[in-house]
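K.L.:
pasting the structure only:
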C-alpha cells in the first residue's frame with residue numbers, strides 16, 4: 001500500500017477537488033459493501049456512510065477558513081498561524097483516509113485483502129473518528145474567526161464567548177487522537193518515539209499510585225507496557241484519563257523520569273563529549289550591576305527571595321573547550337570529561353545563557369543535555385544553563401527572580417566562565433523561553449545591561465487560558481495535551497486545581513516589583529474558592545454530552561451538509577451552531593459534575609490578576625519596554641498549541657522594537673522536539689536550525705554544525 005507522508009498535507013491547500021475525489025471513492029465503496037450482508041461488510045458500510053457525511057460538512061468549513069487565514073500570518077513572506085495548522089492537520093487526515101480507501105478499492109476483491117480486512121477496517125474507522133473531531137475543531141475555529149475583528153490571534157474581543165468555545169473544545173473526544181492514529185500529523189521519524197511516550201505514560205499511570213519508589217514504579221511500568229503496546233485503544237483511554245484527571249504531582253513524576261539514575265547517563269553515553277560540565281552554586285549574596293544611563297550609577301540586585309526567602313541558584317557550565325579563566329572555578333576531576341586537554345583556549349567573545357523547559361514544574365539542565373552537548377560543540381562557546389526552582393513548590397515569581405539573578409551573576413563573573421564579556425545571547429525552550437524573555441524585560445526595567453540577543457523556542461508568551469486556534473491543538477498534542485497544559489500554568493501561578501483554595505481572594509500582583517530592597521515578597525498563593533467567584537455574567541454554552549453509539553447505517557443518498565442545531569444558549573454575539581448528527585460523536589462523555597467543576601476551574605484561573613503580570617505573560621508588557629528588546633528570533637512549530645503565542649508576540653514586538661525581530665517556523669514536529677533530537681533525524685535537523693538562528697541573532701560568524 002502506498003504511504004503518504006505528512007509533508008504531502010501542504011499540497012492540499014490548493015487542491016479544490018480533493019473533496020470530490022474522496023466522495024467518489026466513498027460512494028463507490030458504499031455501493032460495493034452494500035451488496036453483502038456479512039457483519040464486516042456492514043461495518044465497512046457504516047464507516048463509509050459516516051465518512052461521506054464528514055466530507056460533505058468539512059469541505060465548506062475548510063474553504064472558509066482558508067480564505068481568511070492569510071491575514072493572521074506573521075507577514076506576507078511567512079505563512080503560519082493556528083488557523084493554517086487546523087487546515088494542515090485536516091489535510092493530513094484526508095490524505096491518510098485517501099490512502100486507506102484507495103487500498104480498499106484496489107484490493108477488496110482479493111483473497112489477501114480478506115485476511116487483513118478487519119485491521120484495515122479498524123484503521124479506517126480510527127481516521128473517520130479523527131476526521132469527526134477535526135470537523136468539530138474546524139467549526140469552533142470558524143466561530144472564533146467570526147469574532148476576530150482585527151488580525152490579533154490573542155485578542156480579547158468577545159473574550160467570554162471565545163473562552164466558552166475553548167471550554168467546549170476541551171470536552172471533545174480526545175481518545176481518537178491517542179490510539180492507532182497517534183502522531184499521524186508529524187514526520188514519520190517522530191511517530192514511533194511518540195508512541196513510546198504514550199505507552200510509557202499509560203503504564204506509568206498504573207504504577208504511580210501503587211508504589212512510592214522510583215525503581216518499583218519503573219519496574220511495574222515495564223510489566224504493564226505490553227498491553228498498551230498491542231492495544232492502542234486501551235492506551236488511548238488510559239492516556240486521556242490520566243491527562244484529564246491526574247494531579248500536578250503525576251506530571252512532575254512522569255516528566256522527571258529523564259532525571260532517574262539510569263536515564264541521566266544517556267546524554268553522557270549517546271551525545272558528544274564536552275570538556276567542561278560543572279554545576280555551580282551561586283551564593284545568596286547581594287550584587288551590583290552598572291546603571292546603563294548613569295555613568296557612575298549602580299543597581300543593587302538582591303538574591304531571589306519570593307515564597308521561601310533568600311536562597312542560592314544553581315547553574316551548569318557546559319563547554320566543549322577549556323578556556324582561560326575557567327580554572328578560577330576550582331574545577332574538580334568530576335567536572336572534566338575524558339582526558340584533560342593540553343591546550344587552554346582564549347576566552348570566547350560569545351556566551352549562551354540557557355533556561356530549560358518542562359512546564360515550569362519539571363526537568364533540569366541535566367535532562368536537557370540531550371541537545372545542549374551538541375550545541376556546545378557546534379557553537380564552540382560556553383553555555384550556562386539555569387536550574388531554577390520548580391512549581392508548585394515554588395510558584396511565580398521565584399523562577400523569574402532566580403533567572404535574573406543568574407543573569408546578573410554571569411555578567412559579573414565573565415572571566416570564570418571563559419568569556420570576554422562581549423556578547424551574550426539568552427535562549428530557552430517552552431517555559432525556559434518564557435523565563436528568558438522575562439529576564440530581558442527585567443533588565444530593561446531596572447536599566448542594567450540588556451542581552452545582545454534573545455532566541456525563544458516554542459515559548460508561551462501569554463500564560464492565561466487564552467482562546468486561540470492553535471491552542472485547540474492541545475486536544476491532540478501528545479506532549480502538551482488538554483489538562484496537562486492548564487495544570488502546569490495553574491501550578492506556576494500558585495493555583496492547585498487538585499485542592500481548591502479556601503481562604504480569601506488572590507492579591508493583585510499586577511504591579512509586582514522587579515527588585516525588592518526591603519522585605520521579601522509574599523508568596524503568590526492562591527486564595528478564594530471556585531464557588532465564591534461571581535460567574536453570573538458568563539453563560540453556559542456547552543452542548544449536553546452525547547454518546548458515541550452508532551445507529552444503523554442509512555442508505556446511500558446525495559447528502560447535503562447537516563445543519564441540525566445544538567441545544568445551547570445563544571451568546572450575545574451571533575454565531576452558527578455545531579451540526580451534530582447521529583453519526584458524529586463530538587462531546588467526550590463525562591459526568592456533568594466533572595465538566596462543571598472543570599469550567600469553574602478554568603474561569604477561576606482566567607480571572608486571576610497574577611496571570612496579567614508582564615513577567616509571567618510578556619505579551620502584555622508595555623510598548624516602551626518592548627521597544628528596547630535586543631535582536632530577537634522566535635522559533636515555533638506549525639503544529640504546536642503555543643504557535644499563536646509566537647505569531648502574536650512576534651508581530652507586536654516587531655511593530656514596536658528598535659531592533660530586528662524574526663520568526664522561524666518548523667513543520668511537522670511537536671512541541672518539545674529538542675528533547676527528541678537523538679531519536680529523530682527531523683528533530684535533529686530542527687535543532688541545527690536553532691543553532692543557526694542563535695549564530696545569526698548573536699552576530700557570530702556563519703558555520704554549519
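P.N.:
Okay, I see it. What you see is a predicted model; the values in this text were computed from it and never measured.
K.L.:
from memory residue 176 sits against residue 130, does it?
P.N.:
Yes - counting by C-beta atoms under 8 Å, residue 176 touches residue 130, with 5.1 Å between them. For the C-beta atoms, the positions are set from N, CA and C on the backbone; glycine is no exception.
K.L.:
mind listing what's buried in stretch 270-282?
P.N.:
For stretch 270-282, a neighbour-count test (16 or more other C-beta atoms under 10 Å) marks 271, 274, 275, 276, 277, 278, 280, 282 as buried.
K.L.:
sorry, that was for stretch 690-705
P.N.:
Within stretch 690-705, the residues scored as buried using 16+ other C-beta under 10 Å are 690, 691, 692, 693, 694, 695, 696, 697, 698, 700, 705.
K.L.:
Can you spell out which helices and strands pack onto the strand or helix carrying the third one?
P.N.:
Assigned by DSSP states H and E, residue 692 belongs to helix 681-698. Other helices and strands packing on helix 681-698, by 3 or more C-beta pairs under 8 Å, 6 or more residues apart in numbering; DSSP states H and E, are helix 188-208, helix 369-379, strand 419-429, strand 453-457, strand 632-637, strand 661-666.
K.L.:
Mind doing that once more with 10 Å?
P.N.:
When contacts are defined as 3 or more C-beta pairs under 10 Å, 6 or more residues apart in numbering; DSSP states H and E, helix 681-698 packs onto helix 188-208, strand 348-355, helix 369-379, strand 419-429, strand 453-457, strand 632-637, strand 661-666.
K.L.:
between the second one and helix 369-379, how many degrees?
P.N.:
Following axes from the mean of the first three to the mean of the last three C-alpha atoms, to 10 degrees, one obtains 160 degrees for the angle between strand 348-355 and helix 369-379.
K.L.:
go on, the shortest one?
P.N.:
On the basis of the same axes, to 10 degrees, strand 453-457 is oriented at 140 degrees to helix 369-379.
K.L.:
Next secondary structure after the worst-scoring helix or strand of the chain on mean pLDDT?
P.N.:
The weakest-scoring helix or strand in the chain, judged by mean pLDDT, DSSP states H and E, is helix 592-606 (a mean of 65). Next helix or strand after helix 592-606 toward the C-terminus (DSSP H and E): helix 623-626.
K.L.:
And that next one, what's buried?
P.N.:
Neighbour counts over helix 623-626 (16+ other C-beta under 10 Å) mark 625, 626 as buried.
K.L.:
next one: stretch 311-318
P.N.:
For stretch 311-318, burial by neighbour count (16+ other C-beta under 10 Å) applies to 311, 313, 314, 315, 316, 317, 318.
K.L.:
now the helices: where do they sit in the stretch 101-250 of the chain?
P.N.:
Secondary structure of the stretch 101-250 of the chain (DSSP state H, counting those that start in this stretch): helices at 111-146, 159-169, 188-208, 214-230, 232-245, 248-255.
K.L.:
Which residues does the fourth one contact?
P.N.:
Spelled out, that is helix 214-230. 195-196, 198-211, 213, 234-239, 253-254, 256-257, 259-263 (C-beta atoms under 10 Å, 6 or more residues apart in numbering).
K.L.:
ok, now with 8 Å
P.N.:
Residues outside helix 214-230 that contact it (C-beta atoms under 8 Å, 6 or more residues apart in numbering) are 198-200, 202-204, 206-208, 210-211, 234-235, 238, 253, 257, 260-261.
K.L.:
Would you list the buried entries among those residues?
P.N.:
Using 16+ other C-beta under 10 Å as the burial test, the contacts of helix 214-230 include 198-200, 202-204, 206-208, 235, 238, 253, 257 as buried.
K.L.:
returning to that earlier point: including pLDDT and distance to residue 119, could the buried residues of stretch 690-705 go into TSV?
P.N.:
Formatted as TSV, these follow (pLDDT from 0 to 100; distance: C-beta to C-beta, whole Å):
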residue	pLDDT	distance to residue 119
690	97	39
691	97	42
692	96	43
693	97	43
694	97	46
695	97	48
696	96	48
697	96	49
698	95	52
700	94	52
705	43	42
